[in-house]
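Q: how would this look folded up:
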Amino acid sequence: AKRQGVPVPPLIDHLTLDYTNPEASAWIESEMERVIRDYRVDLLRIDGAPISAYIGDRMESGYIENTVWRHYDRLYGVLDELKKKFPNLLIENCCGGGGRLDLGILSRTHRTQITDVMRAPRHVQIINGISIMLPPEYCMIYPFGGAWEETNLDFMYRCTLFGGFYSMGWLGSTENPHPGLIATVKRYANLHTTFVSPLLPGCRVYHHTPVVRIEGDLTPYCVLEYTAADRQSSLVGIFKLTDADQPCRFIPRGLDAGRAYRVTFDNSGTEADIHGAVLREEGVTVHLDRPLTSELLLIKSL
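A: Model (predicted):
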């Protein structure tokens with residue numbers, strides 16, 4: 001294969017199997033079937049290939065074609081066969097596992113990791129953007145990758161609430177773990193199970209800050225609202241990204257103006273019973289003193 005006439009290093013030199021090779025792809029499929037069958041595998045994760053540096057073009061039947069086209073075509077074929085033979089197999093896509101998040105790979109997997117970038121504020125920008133494209137229950141969101149020193153645990157674990165709740169474990173120093181880590185993980189796992197998970201399927205996603213700029217003129221806040229299909233409950237995340245002085249005024253869009261709601265402010269643990277019509281007219285003003293801090297609103301119909 002070549003790229004702009006320059007030979008691309010053979011894939012095998014980089015320990016990446018070439019799906020466009022019929023013998024290689026047949027071996028991949030047979031080995032995956034064997035491993036799933038013999039070891040009774042419940043979950044398959046697609047990760048790490050192809051790497052863009054090895055993408056090139058080659059002559060095929062008298063035409064120049066990009067090597068990625070046949071790679072994906074064969075990868076889809078392998079996944080289709082596995083789904084037929086193992087209908088109960090769960091298949092995850094890593095954010096780089098298929099090299100993309102297009103409808104081809106998403107139609108063959110059950111959920112997808114959205115990013116390996118788990119550093120605030122970039123993490124929030126990615127969640128905000130991907131939730132415009134994908135339903136939140138499809139997204140695998142991890143809290144951090146050893147970057148806790150740049151923010152706080154509440155900020156990172158609140159990001160995790162806006163998709164499926166996953167944890168990669170602690171990636172920092174095991175000798176000096178972040179204070180309160182275990183208690184924080186347990187708290188947000190319980191919150192996701194009891195409050196968030198029931199409202200995710202079929203929920204309405206409202207992007208109060210649809211364009212969240214990180215480079216250039218920074219966007220002060222990212223605000224996401226997930227409201228259950230029956231409008232009985234709502235999850236609101238208000239993430240402060242800069243040191244801007246202004247507070248955030250949040251006006252819900254998904255609540256029923258004819259109902260009364262109990263609003264819990266997670267930072268303080270305080271509650272207020274407010275009618276939906278008042279919330280939709282006046283909203284809630286949130287003050288956050290520092291960048292990379294947040295507020296979480298849990299709203300439940302009375």
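
Q: tell me the contacts of residue 167?
A: Applying C-beta atoms under 8 Å, 6 or more residues apart in numbering, we find residue 167 in contact with 142-143, 160, 185, 189. The way it works is simple: take the backbone N, C-alpha and C, and place the C-beta from them, glycine included.

Q: I meant residue 134, not that one.
A: Going by C-beta under 8 Å, 6+ apart, the list of residues near residue 134 reads 101, 106, 112, 114.

Q: Could you point out which of those is nearest to residue 83?
A: residue 106 (13.4 Å; C-beta to C-beta).

Q: separation between the closest one and residue 22?
A: Note on residue 106: its distance to residue 22, by C-beta to C-beta, to the nearest Å, is 26 Å.

Q: Mind checking which of the two has more residues around it?
A: Taking neighbours as other C-beta atoms under 10 Å, residue 106 and residue 22 compare with residue 106 leading, 17 against 11.

Q: give me the beta-bridge partners of residue 43?
A: Residue 43 has these beta-bridge partners by DSSP bridges: residue 90.

Q: Lowest-confidence member of the contacts of residue 167, which is it?
A: Of all the contacts of residue 167, residue 143 has the smallest pLDDT value, namely 74.

Q: Spell out the secondary structure type for the closest residue to that residue other than its chain neighbours.
A: Nearest non-adjacent residue to residue 143, counting by C-beta to C-beta, 6 or more residues apart in numbering: residue 156, 4.4 Å away. Assigned with DSSP: H, G, I helix; E, B strand; the rest coil, residue 156 falls in the helix class.

Q: circling back to that earlier point, ok, which pair from the contacts of residue 134 is furthest apart?
A: Longest span within the contacts of residue 134, C-beta to C-beta: 106 and 114, 11.5 Å.

Q: burial of the residue nearest to residue 143, as a residue count?
A: 26.

Q: show me where this structure has helices.
A: When assigned using DSSP state H, the helices of the chain occupy the ranges 22-38, 67-85, 103-106, 122-133, 153-160, 181-191, 197-199, 276-282.

Q: and of the ones you listed, who's closest to residue 91?
A: Per C-beta to C-beta, nearest to residue 91 of these: helix 67-85, 6.6 Å.

Q: Show me what the closest one packs onto, helices and strands only.
A: Packed against helix 67-85 by the contact rule (3 or more C-beta pairs under 8 Å, 6 or more residues apart in numbering; DSSP states H and E) you find helix 22-38, strand 43-46, strand 57-60, strand 90-93, helix 103-106.

Q: How far off centre is the third one?
A: What it means is strand 57-60. Centroid separation for strand 57-60 versus its chain: 35 Å, with C-alpha atoms, centre = their mean, to the nearest Å.

Q: ditto for the second one
A: Using C-alpha atoms, centre = their mean, we find the averaged C-alpha position of strand 43-46 to lie 16 Å away from the chain's own average C-alpha position.

Q: Can you mark which positions in it are buried?
A: 44, 46 (16 or more other C-beta atoms under 10 Å).

Q: Give me the contacts around it.
A: 32, 36, 75, 79, 82, 89-94, 97-98, 105, 109.

Q: The fourth one now?
A: Applying C-beta under 8 Å, 6+ apart, the contact partners of strand 90-93 are 42-46, 79, 82-83, 101, 105-106, 108-113, 140.

Q: Pull out the buried residues from that strand.
A: 91-93.

Q: Rebuild these as JSON lines, extending it with distance to residue 299.
A: Formatted as JSON lines, the buried residues of strand 90-93 follow (distance: C-beta to C-beta, whole Å):
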{"residue": "91", "distance to residue 299": "34"}
{"residue": "92", "distance to residue 299": "31"}
{"residue": "93", "distance to residue 299": "32"}
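
Q: right, and residue 226 touches residue 162 too?
A: Yes - Residue 226 is within contact range of residue 162, at 6.8 Å (criterion: C-beta atoms under 8 Å).

Q: shared neighbours of the two, anything?
A: Contacts common to residue 226 and residue 162, judged by C-beta under 8 Å, 6+ apart, are 136, 235.

Q: hang on, the earlier thing: ok, so of the buried residues of strand 90-93, who is nearest residue 64?
A: residue 93 (29.0 Å).
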